[in-house]
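Peer 1: from the sequence below, what's the structure:
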Amino acid sequence: MVQIEYLPLVLTGLGLMASILYYTMNLRNANKTQQLALENRRAQLYMQLFLRITSEDFMKRSIDLLRWNYSNLDEFFQKYNEDNKLAAKWISQLWHIDGIGFLMSEGLIEPEMVYNFGGGQAHIRHWNKWKPIIEEMRSQRSDPEFLKWFEYLSKQMKELRIEKGLNDTP
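Peer 2: I've put the predicted structure just below:
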């Protein structure tokens, strides 16, 4: 039998154990809630990107840019950069892709998520089309990081295609 003088000590111990259990349960619930919020935010980001990339305007701009013809940087600038609307169309599209690459590099979106926007083919096609221009601009500007996330995204998409046995890079 427990003596009366030990009763406050036993009750304090039981209270402490109950507090620890309560705190542990609350911490687990908070972690689950935080994880669900993160998953929800990623789903929202995915849908925002998906809606943007599949929009008619974005598709038209992408197709139009891939049809541009030029043989060198001088001709490119003469044909497309002197017209502010065309220059804005080009840089807007490329910066958008660059932004997706940055989000991917930061782990905010998964490469597989971007790949699911059509197998990453559009991004690879754009990189293949604009690589010589971008590299020349990097050199002329002494800015080796100009559109570096666009290049990163293209490399990630190529790697995913290879992993999936699709070595036929567009």
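Peer 1: ok, Trp90 - contacts?
Peer 2: Trp90 makes contacts with 65, 68, 80-81, as judged by C-beta atoms under 8 Å, 6 or more residues apart in numbering. In this view, the C-beta of every residue, glycine as well, is placed from N, C-alpha and C.
Peer 1: what about it, which helix or strand?
Peer 2: For Trp90, the host element (DSSP states H and E) is helix 84-105.
Peer 1: helix or strand right after that helix?
Peer 2: Next along from helix 84-105, by DSSP H and E: helix 111-115.
Peer 1: closest one of the contacts of Trp90 to Gln156?
Peer 2: Using C-beta to C-beta, Leu65 comes nearest to Gln156 of the contacts of Trp90, at 20.8 Å.
Peer 1: for stretch 9-25, C-alpha coordinates in CSV please.
Peer 2: The C-alpha coordinates for stretch 9-25 follow below in CSV (Å, rounded to 0.1, in the frame of the first residue of the first chain):
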residue,chain,number,x,y,z
LEU,A,9,4.8,12.5,-5.7
VAL,A,10,2.9,9.7,-7.5
LEU,A,11,0.2,12.2,-8.6
THR,A,12,2.9,14.6,-9.9
GLY,A,13,4.5,11.7,-11.9
LEU,A,14,1.1,10.7,-13.4
GLY,A,15,0.4,14.3,-14.3
LEU,A,16,3.8,14.6,-16.0
MET,A,17,3.3,11.4,-17.9
ALA,A,18,-0.2,12.6,-19.1
SER,A,19,1.3,15.9,-20.1
ILE,A,20,4.1,14.2,-22.1
LEU,A,21,1.5,11.9,-23.9
TYR,A,22,-0.7,14.9,-24.6
TYR,A,23,2.2,16.9,-26.0
THR,A,24,3.4,14.0,-28.2
MET,A,25,-0.1,13.5,-29.6
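Peer 1: many thanks, have a good one.
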